[in-house]
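> below are the sequence and a predicted model for it; my questions follow.
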Amino acid sequence: MNVNRAVLTLDEFTLQQLRQFPTATGELSRLLRDLALAAKRVNVEVNKAGLVDILGDDGSVNVQGEEVKKLDVFANNQFVGVLKHGISCAGIGSEELDDFVVFDDEISNNSKYVVHFDPLDGSGNIDVNVSIGTIFGVYRRVSEIGKPCTKEDFLQPGKNQVAAGYVIYGSSTMFVYATRRGVNGFTLDPSIGEFTLSFPNIICPPTGKFYSVNHGNFFQYNEGVRKYIDGCQRKTEATGGPYTQRYIGSMVADVHRNLMKGGIFMYPGTTDKPTGKLRLLYEANPFAFILEVAGGVATDGTQRILDIEPTSLHQRTPLFIGSKMMMEELESITSVNK
Ligand code: AHG
Ligand code: MN
Ligand code: MN
């Protein structure tokens, strides 16, 4: 078989990037490799989910008060495991764990990064064969190297991320990550077990035809949001609509589609939950970083997501994210917080 040298694996790609920075230590490349390894393990279990007794609730409730599916726990253990045993990560925050975890061993205390992640996003979709994902954001720690990492390392604004990414377990499995230099997508080639570069330098189209929102909550949104959604369904000068509504209930799948094709994703606050459902540190911030690098925009309706100063691990935020022109239309129609 001829080896197609035009195809780069994730490891080859990150090493190529590294060569352009003579002073870089390679810790970020290793971190990405660790995350990809955990993703491959999760991918195997996701594919087996219909066959073995791993589906369904494990009987516990996560810190958000939501039922935890078994795969959530499995995925969480995989990501914690690779990061704890790798050499690049000093500590983590996870949707599935009450508090930050400081690894506090000799190697980890000398590591540069902390990572926030949602090990399995869209887990309500597991047992109905709909795409699910993993989301992560990487920060350089601000505390002294050589010592255990601290709360300040974990509560940094999203603009401090050095990398962010997601894995989508879908019709094919993809690993997409961004650094300030660009967003690149890798598709898992199951025959060799490697993520290979398939979507280099992803740019979010400045406009598109998709809008993604939970319409069931329509009457719980504020007037500004309702007005914008109404506009999405009409042909107006402001929106250029009507747009096509697409919402699957896995943020990873919905935002991935809109990133590739152009579109807007919204999870606004509701009368019952004024700050919405999504979590700032491991859902909104990573996607806000990725979309901004790709040319898109992300706000909470008032301010840029990446500027929000976090106060706690599991805090929620309303989220409006997508193609630049569609986000400008949203802002011009009315303030979505009124
Ligand atoms: P998770 O499975 O990690 O709890 O996240 C699910 C999230 C997100 O992926 C999705 O966009 C949103 O929940 C859907 O919520 P609604 O069912 O309220 O629309
Ligand atoms: Mn999630
Ligand atoms: Mn989750």
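That came in fine, so what should we check first? Ligands and ions are numbered 1, 2, ... in the order given.
> the spatially closest residue to residue 312 that is not a sequence neighbour and residue 83, how far apart?
Nearest non-adjacent residue to residue 312, counting by Cβ to Cβ, 6 or more residues apart in numbering: residue 155, 7.7 Å away. Yep, even glycine has a C-beta here, placed from its N, CA and C like the rest. Remark: distance between residue 155 and residue 83 (Cβ to Cβ, to the nearest Å) = 18 Å.
> mind listing what the residue in the chain positioned nearest to ligand 2 touches?
For the chain and ligand 2, the shortest gap (Cβ to the ion) falls at residue 121, measuring 3.5 Å. By Cβ atoms under 8 Å, 6 or more residues apart in numbering, the residues touching residue 121 are 132-135, 166, 250-252, 283.
> can you tell me which two in the residues you listed are farthest apart?
132 and 283 (13.3 Å; Cβ to Cβ).
> of these two, give the one with the bigger neighbour count.
residue 132 (29 against 26; other Cβ atoms under 10 Å).
> that one reaches residue 126, doesn't it?
Yes. Taking contacts as Cβ atoms under 8 Å, residue 132 lies within contact range of residue 126: 6.0 Å.
> list residues touching both of these two?
Residues touching both residue 132 and residue 126 by Cβ under 8 Å, 6+ apart: 46, 120.
> what ranges does the stretch 51-200 of the chain have for its strands?
57-61, 67-69, 89-94, 101-102, 113-121, 132-140, 161-169, 173-179, 182-189, 194-199 (DSSP state E, counting those that start in this stretch).
> mean pLDDT lowest for which of these?
When the strands of the stretch 51-200 of the chain are ranked by mean pLDDT, strand 67-69 comes last with a mean of 60.
> for this protein, longest helix please?
If you go by DSSP state H, the chain has its longest helix at helix 27-48.
> could I get that helix in PDB with only the CA atoms?
C-alpha atoms of helix 27-48 as PDB (Å, rounded to 0.1, in the frame of the first residue of the first chain):
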ATOM      1  CA  GLU A  27       4.300  20.200  26.400                       C
ATOM      2  CA  LEU A  28       1.200  21.400  24.500                       C
ATOM      3  CA  SER A  29       1.800  18.800  21.800                       C
ATOM      4  CA  ARG A  30       2.000  16.100  24.500                       C
ATOM      5  CA  LEU A  31      -1.200  17.400  26.100                       C
ATOM      6  CA  LEU A  32      -3.100  17.200  22.800                       C
ATOM      7  CA  ARG A  33      -1.700  13.700  22.300                       C
ATOM      8  CA  ASP A  34      -3.000  12.700  25.700                       C
ATOM      9  CA  LEU A  35      -6.400  14.200  25.000                       C
ATOM     10  CA  ALA A  36      -6.600  12.400  21.600                       C
ATOM     11  CA  LEU A  37      -5.700   9.100  23.300                       C
ATOM     12  CA  ALA A  38      -8.500   9.500  25.800                       C
ATOM     13  CA  ALA A  39     -10.800  10.400  22.900                       C
ATOM     14  CA  LYS A  40      -9.900   7.300  21.000                       C
ATOM     15  CA  ARG A  41     -10.800   5.200  24.100                       C
ATOM     16  CA  VAL A  42     -14.100   7.000  24.500                       C
ATOM     17  CA  ASN A  43     -14.800   6.500  20.800                       C
ATOM     18  CA  VAL A  44     -14.400   2.700  21.200                       C
ATOM     19  CA  GLU A  45     -16.900   2.700  24.000                       C
ATOM     20  CA  VAL A  46     -19.300   5.000  22.200                       C
ATOM     21  CA  ASN A  47     -19.300   2.700  19.300                       C
ATOM     22  CA  LYS A  48     -20.000  -0.300  21.500                       C
END
